[in-house]
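[1] Attaching a predicted model along with its sequence, questions to come.
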2 protein chains.
Amino acid sequence: MTLHWMPAQPGDALSDVDTPALILDLDRFETNLARMMDAARDAGVRVRPHAKSHKSLQIAHRQIDAGAVGLCCQKVGEAEVFLAGGIKDVLITNEIVGERKMRRLAQLAGMFAPARVGVCIDDASILRQLAVICDEEGAYVDVYIEVDVGQNRAGVQDAAAAVELARETITYPSLTLMGLQAYAGGAQHRRGVPERKAAAMLAAQRAREVRNALRAEGLPCEIVTGGGTGTFMYEAWSDVYTEIQPGSFALMDYDYARNESDPDVPQFEHALFVLATVMSLRGDRATLDAGLKAFSTDSGPAQPAFEGWRVHGVSDEHTVLTRVDDEGPSIYLGAKALLIPGHCDPTVNLHDWIVAVRKNRVEDVWCVDARGAVF
Amino acid sequence: MTLHWMPAQPGDALSDVDTPALILDLDRFETNLARMMDAARDAGVRVRPHAKSHKSLQIAHRQIDAGAVGLCCQKVGEAEVFLAGGIKDVLITNEIVGERKMRRLAQLAGMFAPARVGVCIDDASILRQLAVICDEEGAYVDVYIEVDVGQNRAGVQDAAAAVELARETITYPSLTLMGLQAYAGGAQHRRGVPERKAAAMLAAQRAREVRNALRAEGLPCEIVTGGGTGTFMYEAWSDVYTEIQPGSFALMDYDYARNESDPDVPQFEHALFVLATVMSLRGDRATLDAGLKAFSTDSGPAQPAFEGWRVHGVSDEHTVLTRVDDEGPSIYLGAKALLIPGHCDPTVNLHDWIVAVRKNRVEDVWCVDARGAVF
């Protein structure tokens, strides 16, 4: 472990931060958070930000303080970090399969009660196993039936299947049926506004059908939760979702910035960067000390946050930039360069520390508490 | 931190390991290590395995015990982990730029002496700064002049520049000029044997010119080091390299397996896997609980280590497999699936633990000691 090595101390200038380091611009982060909470309040929906993006208790508590009702996460290990860190309502927006994982989930719910712990279900055999394990552990867990609203990955396919699972869920005293998980992941990065909106509306329509079927049977469906940074306003306006789950909005990344803006929807600013150092320089070619182990490339490489240079190539520990025109800064050996990650979630997951910066001065250094919580 | 959660205990069956988990097949790992050491011994070159691939002290010590002369790493933070873990000779195959990093490097060299610490240099201003800092810290550091042998990323471009740096290096009492770093990174994954061999031979020719220029000036050049898993045998046969630096050979990955085999060169077996669980199932579509945060996708997604299924898509925490034919295993909800990573180095860097398995039984669980050591 090298956790004792921190890239910066409060008070350091941004230019003195050791690299590669994850940088959070606090002014922009706070602006993003306020925009999201204001928009949700105006639309009358709850916000349960997705913590798989930031994995940080410092960010989580700021989101709760701003009015979020709880957090989402994807893994039992993440839930553990946030429950142990004082978050009182955590929803795992994912199916949890396997006896060890399910028992750990139940143990966490027991240990941290009265904090609420929720999980998604799309299969009756897993539902039964969860009920048995919760009974054994003396734990109570919230159940959200996941509806496949276009992602084609998990979730029940139709209202009849949801009704069947809901009917069974309410027979188990250890389980509380909260409602539906209905996340349209594939809709988030459709570039054009009309396509993105249409995909979200289609998801809302599927969620509405399932909700109505549950209601028609007298089954509880208090919460319909879903939506991400690309579509949250359409879910909020849908009159079916009661809760939205955006994650990336707080940090932003290059991939989300490629989406066409909808003038009716709040926009978010890049608050997350990777700081790198020029470690070799040759004419119009600068090699940085940050590569695949400092930012993910699944949505393209990190991009310079300045003009005049573009990414030529990325390897494990290096990024090579080449000059494309005379705009932007001159670069020298030892110069620091800010990059905008292509995809914030897997980039944050590579780092132990978030260097929180305001006006080019380090204000604090935060732990990425749930980094690597893959289980 | 979730380090207290381990995916397995010694004695567990592979099928009981919590997922996603990094799996090392010990029989294959030991075979790979023996093949490499035998081949290098026959060719008369030293082996300094690259530890950026495995980041693990358990693997490092097995490599030293098998005859490796020391280790390579890429970062000062990695060097710290391996020096603190008892490795006596660590070469950072990279330029270290920035006062904080260079001072930390010098402090490590001082603290762990008589262990040797080496670093690459391609610029006179950095060389001077390093000499000053080593003097201030009372430390001795080995210097390898990096030669650009085709990577076009770092390194001096010609023999004259190398001679100039070498002349200056030997004037500093705190620095020991060991020789040349000459790694042809771009050659490693040229698919055809003739092209790959030609690229390695071209690199060797450039290294030879520089070595000869140093010798002609009476400058020391005891070590010429370089070569990777794709080309190591060509460097070993070149009569210019005295040391090879392969890393991936110990673990292997899907990207290296795509290289055409040279019948004259030892081959390596897949020893590294990611174990995942089927968490949602729908006909011929199985969703696994491992995604971008459990394996890197820069060289393509991880691939099933079994027949009949292919990767349909990868997202942050999920991989969707679809059935392509009737070969291979039937898959059920809760089934475990072994995947072969596309690129071992950044995949290992995502995990805290390596589950060391022999004949489907967990023999030990090893820490990825230098995981996240990006500084």
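    All right, it came through fine.
[2] list the buried ones in the helix or strand where A:M37 lies?
    Assigned by DSSP states H and E, A:M37 belongs to helix A:26-43. Across helix A:26-43, burial judged by 16 or more other Cβ atoms under 10 Å in any protein chain shown covers A:26, A:28-29, A:32-33, A:35-37, A:39-40, A:43. C-betas here are computed from N, CA, C, even on glycine.
[3] Now render the residues you listed as a markdown table, adding distance to A:R285 and pLDDT.
    Shown next, in a markdown table, are the buried residues of helix A:26-43 (distance: Cβ to Cβ, whole Å; pLDDT from 0 to 100):
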| residue | distance to A:R285 | pLDDT |
| --- | --- | --- |
| A:L26 | 33 | 98 |
| A:R28 | 31 | 98 |
| A:F29 | 33 | 98 |
| A:N32 | 34 | 98 |
| A:L33 | 39 | 98 |
| A:R35 | 39 | 98 |
| A:M36 | 40 | 98 |
| A:M37 | 44 | 98 |
| A:A39 | 43 | 98 |
| A:A40 | 46 | 98 |
| A:A43 | 49 | 98 |
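[4] check those residues against chain B, which are close?
    Among the buried residues of helix A:26-43, no residue sits close to chain B (Cβ under 8 Å from any Cβ of the partner chain).
[5] Closest to B:A159 out of the residues you listed?
    A:R28 (49.1 Å; Cβ to Cβ).
[6] name the helices or strands packed onto the longest strand along chain A?
    When chain A is parsed with DSSP state E, its longest strand is strand A:272-282. Counting contacts by 3 or more Cβ pairs under 8 Å, 6 or more residues apart in numbering or on different chains; DSSP states H and E, strand A:272-282 packs against strand A:21-25, strand A:285-288, strand A:336-340, helix A:344-348, strand B:89-95.
[7] In JSON lines: the ones you listed, plus mean neighbour count and distance to A:L175.
    Shown next, in JSON lines, are the helices and strands packed on strand A:272-282 (neighbours: other Cβ atoms under 10 Å in any protein chain shown; distance: least, Cβ to Cβ, whole Å):
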{"stretch": "strand A:21-25", "mean neighbour count": "25", "distance to A:L175": "38"}
{"stretch": "strand A:285-288", "mean neighbour count": "25", "distance to A:L175": "50"}
{"stretch": "strand A:336-340", "mean neighbour count": "21", "distance to A:L175": "43"}
{"stretch": "helix A:344-348", "mean neighbour count": "27", "distance to A:L175": "29"}
{"stretch": "strand B:89-95", "mean neighbour count": "24", "distance to A:L175": "53"}
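[8] want to throw those into CSV with distance to B:I59 and mean pLDDT?
    Shown next, in CSV, are these (distance: least, Cβ to Cβ, whole Å; pLDDT from 0 to 100):
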stretch, distance to B:I59, mean pLDDT
strand A:21-25, 27, 98
strand A:285-288, 28, 96
strand A:336-340, 31, 97
helix A:344-348, 25, 98
strand B:89-95, 14, 98
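[9] pretty sure A:Y172 is touching A:A124, no?
    No - A:Y172 lies out of contact with A:A124 (Cβ atoms under 8 Å); the separation is 11.6 Å.
[10] Compare these two and say which is more crowded by neighbours.
    Applying other Cβ atoms under 10 Å in any protein chain shown to A:Y172 and A:A124 shows that A:Y172 carries more neighbours, namely 19 against 13.
[11] how about low-confidence regions in chain A?
    Flagging of chain A using pLDDT under 70 yields the residue ranges A:1-4.
[12] so what are the domain limits for it?
    A:14-23+A:268-367, A:26-252 (automatic domain parsing).
[13] how about those in CSV, adding distance to B:Y256?
    Shown next, in CSV, are the domains of chain A (distance: least, Cβ to Cβ, whole Å):
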stretch, distance to B:Y256
domain A:14-23+A:268-367, 14
domain A:26-252, 30
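[14] quick one, which of those is nearest to A:M6?
    In terms of Cβ to Cβ, the element of those nearest to A:M6 is domain A:14-23+A:268-367, at 5.5 Å.
[15] Report the distance from the closest one to the chain centre.
    21 Å (Cα atoms, centre = their mean, to the nearest Å).
[16] show me where chain A has helices.
    Remark: helices assigned in chain A by DSSP state H are A:26-43, A:57-65, A:76-84, A:99-112, A:124-137, A:159-169, A:193-216, A:232-236, A:254-257, A:344-348.
[17] For the second one, name the packing helices and strands.
    Same thing as helix A:57-65. In terms of contacts (3+ Cβ pairs under 8 Å, 6+ apart), helix A:57-65 is packed against helix A:26-43, strand A:71-73, helix A:76-84, strand A:353-358, strand A:361-367.
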